[in-house]
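# sequence and predicted model, in that order:
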There are 2 protein chains.
Amino acid sequence: MTLEISADKSINVSPEQERALEQRLRAAGMRMTRPRMLLAFLLFRHGDRHLTAERLYEEAKGEGLAVSLATVYNTLNQFLDAGLLRQVVVDSTRSYFDTNLGGHHHFFVESTGELIDVPSKAIQISDLPKAPEGFDMSGVDIVLRLTPKTA
Amino acid sequence: MTLEISADKSINVSPEQERALEQRLRAAGMRMTRPRMLLAFLLFRHGDRHLTAERLYEEAKGEGLAVSLATVYNTLNQFLDAGLLRQVVVDSTRSYFDTNLGGHHHFFVESTGELIDVPSKAIQISDLPKAPEGFDMSGVDIVLRLTPKTA
DNA sequence: ATTTGTGCAAATCGTTTGCATCTGA
DNA sequence: TCAGATGCAAACGATTTGCACAAAT
């Protein structure tokens, strides 16, 4: 399985990258399919990314492989389930997927929809309430909303 | 203008409550209409609330006044614009409206969709990154996600 | 009288699903 | 071979909008 898309278009994937991706997907119990491989490649090739399903879909098309939007959604959800991605809730109208799995927070530029990572060490929380009786605290999400400077 | 809904059903609104509501709406430049008044009453009568448009719609119907869902949405959005409500983004599938305008944060029980206020003093943040060049930080949203205790 | 709000149904948007068809193991 | 993946179009749920009618100033 390679990522050669067509005669005129192909993505340069090194054998190491390919092996790494394959291991990742297999470890999650998934088959290696061409759309899946391409999407994984786009998601993970350049470090941490924040993407909308729609954006990933456009990117895949731009790279020459026409995946359907439904497959992009399905694949993203499988990656989510497999723990390869995280979801970031900042905007009630769309879903963001985050390839950065470490504990961290976000700046959110409302005007552009852009997300920027904030390492968790950059925010020091000295006091946090405990979870109410009967509950565990499963996550702490911090979103720092940004607006273009007015001055 | 009163909130007598029908012959068999009416809501007990004291004249003071009514005046207070009226002032609030007028200050925001809105006319006093029956649906608006009822919704404002339901929203603000019992201190801080977190509501979904759908839930407010059901509540209004239960009180005997059939407002349309579209009007509930429109009214909530107007209240948002007027600064009478805040929006809380915790779930990418629905929007929550919050009558608590003070700075505070939330517990979110994912299993039930319930939101619980956390006063801002309950969370001490000792260090926060500054906004990137050209931006102002317009808000700090903290969501503490809760799951039913597994043990 | 004029402006604004309302209800309804249709439209929209992001996302999911059913099903017939392909494909990887 | 055959479970699992894909594409397409239809289905979906939340929210918005267009328009004719009603109510507030």
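It's in.
# find the residue at the geometric middle of chain A.
residue A:98 (3.1 Å; CA atoms, centre = their mean).
# what residues does chain A have near DNA strand D?
A:30-31, A:33-36, A:66-68, A:70-71, A:74-75, A:78, A:92 (CB under 7 Å from any atom of the strand). In this view, the C-beta of every residue, glycine as well, is placed from N, C-alpha and C.
# so residue A:110 touches residue A:144, yeah?
No - using CB atoms under 8 Å, residue A:110 is not in contact with residue A:144, being 11.1 Å away.
# and those two? which has more neighbours close in?
Counted by other CB atoms under 10 Å in any protein chain shown, residue A:110 and residue A:144 do not tie: residue A:144 has more neighbours, with 23 against 14.
# number of nearby residues for the spatially closest residue to residue A:29 that is not a sequence neighbour?
Taking CB to CB, 6 or more residues apart in numbering or on different chains as the measure, residue A:29 lies nearest to residue A:82, with 7.5 Å between them; neighbours along the chain are not counted. Residue A:82 sits with 14 neighbouring residues when counted by other CB under 10 Å.
# how about residue A:82, what does it touch?
By CB atoms under 8 Å, 6 or more residues apart in numbering or on different chains, residue A:82 lies in contact with A:28-30.
# what's the answer for residue A:106, then?
Applying CB under 8 Å, 6+ apart, the residues near residue A:106 are A:50, A:88, A:90, A:115-118, A:142-144.
# just to revisit the earlier point, the residues of chain A next to DNA strand D in helices, which ones?
A:34-36, A:70-71, A:74-75, A:78 (DSSP state H).
# could you dump these to CSV with pLDDT and neighbour count?
Formatted as CSV, these follow (pLDDT from 0 to 100; neighbours: other CB atoms under 10 Å in any protein chain shown):
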residue, pLDDT, neighbour count
A:34, 91, 14
A:35, 93, 16
A:36, 94, 20
A:70, 97, 10
A:71, 97, 15
A:74, 97, 15
A:75, 97, 23
A:78, 96, 17
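# out of the residues you listed, which comes closest to chain B?
Proximity of those to chain B (CB to the nearest CB) peaks at residue A:74, which lies at 16.6 Å.
# what's the spacing between the closest one and residue A:44?
18 Å (CB to CB, to the nearest Å).
# same thing with residue A:138?
For residue A:138, the distance to residue A:44 - CB to CB - is 25 Å.
# who has more neighbours, the two?
residue A:44 (18 against 13).
# partners of the lengthiest strand in chain A, with directions?
Identified as the longest strand of chain A according to DSSP state E is strand A:135-148. Applying DSSP bridges, strand A:135-148 is found paired with strand A:104-109 (parallel), strand B:135-148 (antiparallel).
# what's whatever helix or strand comes next after the shortest one in contact with?
On the C-terminal side of strand A:104-109, the nearest following helix or strand under DSSP states H and E is strand A:114-119. Applying CB under 8 Å, 6+ apart, the external contacts of strand A:114-119 come out as A:48, A:50, A:88, A:90, A:96, A:98, A:100, A:104-109, A:142, A:144, B:129, B:132.
# any of those buried? List them.
A:50, A:88, A:90, A:96, A:98, A:100, A:104-109, A:142, A:144 (16 or more other CB atoms under 10 Å in any protein chain shown).
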